[in-house]
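pasting the structure only:
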């Protein structure tokens, strides 16, 4: 964690030459304040129906949708690289999408089948899930829509059923990303009552109504279905104090960890959360951030490996304990090769 310099601790030049500790690699290593390791990473993976099936996502170069059997292979790879967690996002058959979103809590939906398969094959890796209705919603929203309004309380009831189905499938971390009021308390109460006392919740507490989500919506098939925008439930990008109120509320309701989303445009929020609450704090380097860096690297405008690492280091420097990033396996391999 960064510290504010104390007055009169730095001698005047030339007694103090701050470049001295930068003069060699060994010295730079000795005084480095922030470190990045594979154990800081969570790998988001998209799941699709089929067997040995893999589909490119044009707006996310290098990222694919994978069938359950290939997701298991990805989890095996992640574990071998030292990545502690994998996060699942389903690409749901449009025929299964409804206004009531019933597929979200189907015990045999894509996500729940993938959870069981991963935990059977790679039991030591943590499986994180997404709790929101947009992959299952005919309207493309994170909540149930009634007369053009995304209704809060009815959505929370659906999210609780979704959380219980994921808990029964064997999830390790629930990730409510819907931004409905009261959902953390409702989910915590329900999973406690069902005997899942050790199941953790990483709340997407400060999730902003961002323009950086576009490629993700392509990846889960929600782009074409979305009607309107999400500004009535996701946060205004202009607000910071509101995020602190949301963090306090979600912690009081039973969240174990806090998520800020997107990542790099909101590093100030990451730092405020960590400084104010001292709780496990995560950020999501979202699809738009990934796509921008990849596009620049593919065009030769930036060094891909260097900007990848620098961007991830920024999250750690801002106070994050970990990062959800599509770069996870690439970054882990780069670290392992050193």
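All right, it came through fine. All of these numbers come straight from a predicted model, not from anything done at the bench.

who's in contact with the longest helix anywhere in the chain?
For the chain, the helix reaching the highest residue count under DSSP state H is reported as helix 152-169. When contacts are defined by C-beta atoms under 8 Å, 6 or more residues apart in numbering, helix 152-169 is touched by residues 100-101, 104-107, 109, 111-113, 115-116, 129, 131-133, 142-144, 146, 174, 176, 178, 180-183, 186-187, 190-191, 194, 196, 199, 233. From N, CA and C alone the C-beta is placed, and that goes for glycine too.

Just give me how far it sits from the chain centre.
Helix 152-169 has its C-alpha centroid displaced from the chain centroid by 19 Å (C-alpha atoms, centre = their mean, to the nearest Å).

Any of the contacts of helix 152-169 buried? List them.
Buried positions within those, assessed by neighbour count (16 or more other C-beta atoms under 10 Å), are 101, 104-106, 109, 111-113, 115-116, 129, 131-133, 142-144, 174, 176, 178, 180, 183, 186-187, 190-191, 196, 199, 233.

For residue 242, which three-state class applies?
helix (DSSP: H, G, I helix; E, B strand; the rest coil).

Oops, could you answer that again for residue 52 instead?
Under the three-state scheme (three-state DSSP), residue 52 adopts coil.

so what's it up against?
Contact analysis of residue 52 by C-beta under 8 Å, 6+ apart lists 67, 69, 70.

how close does residue 157 sit to residue 118?
Residue 157 sits 28 Å away from residue 118 when distances are taken as C-beta to C-beta, to the nearest Å.

same thing with residue 191?
Between residue 191 and residue 118 the computed distance is 19 Å (C-beta to C-beta).

ok, now residue 229?
With distances defined as C-beta to C-beta, the gap from residue 229 to residue 118 amounts to 34 Å.

same question, residue 250
Computed with C-beta to C-beta, the distance linking residue 250 and residue 118 is 27 Å.

Strands along this protein, start to end?
The residue ranges that make up the strands of the chain, judged by DSSP state E, are 41-47, 54-56, 64-66, 85-90, 126-128, 145-146, 149-150, 173-174, 200-207, 257-261, 281-285, 322-325.

With distance to residue 15 and mean pLDDT as extra columns, can I get these in JSON lines?
Conversion of the strands of the chain to JSON lines gives the following (distance: least, C-beta to C-beta, whole Å; pLDDT from 0 to 100):
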{"stretch": "strand 41-47", "distance to residue 15": "41", "mean pLDDT": "97"}
{"stretch": "strand 54-56", "distance to residue 15": "58", "mean pLDDT": "94"}
{"stretch": "strand 64-66", "distance to residue 15": "57", "mean pLDDT": "96"}
{"stretch": "strand 85-90", "distance to residue 15": "47", "mean pLDDT": "97"}
{"stretch": "strand 126-128", "distance to residue 15": "50", "mean pLDDT": "98"}
{"stretch": "strand 145-146", "distance to residue 15": "67", "mean pLDDT": "94"}
{"stretch": "strand 149-150", "distance to residue 15": "62", "mean pLDDT": "94"}
{"stretch": "strand 173-174", "distance to residue 15": "50", "mean pLDDT": "98"}
{"stretch": "strand 200-207", "distance to residue 15": "44", "mean pLDDT": "97"}
{"stretch": "strand 257-261", "distance to residue 15": "41", "mean pLDDT": "98"}
{"stretch": "strand 281-285", "distance to residue 15": "38", "mean pLDDT": "98"}
{"stretch": "strand 322-325", "distance to residue 15": "39", "mean pLDDT": "98"}
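
Comparing those, which comes out most buried?
strand 281-285 (a mean of 27; mean count of other C-beta atoms under 10 Å).

what's the angle from that one to strand 41-47?
Taking axes from the mean of the first three to the mean of the last three C-alpha atoms, to 10 degrees, one finds that strand 281-285 is oriented at 50 degrees with respect to strand 41-47.

Who are the packing partners of strand 281-285?
The criterion is 3 or more C-beta pairs under 8 Å, 6 or more residues apart in numbering; DSSP states H and E, and the helices and strands that strand 281-285 contacts are strand 257-261, helix 267-277, helix 304-317, strand 322-325.

Next, count neighbours for residue 271.
As a burial measure, residue 271 scores 18 neighbours (other C-beta atoms under 10 Å).
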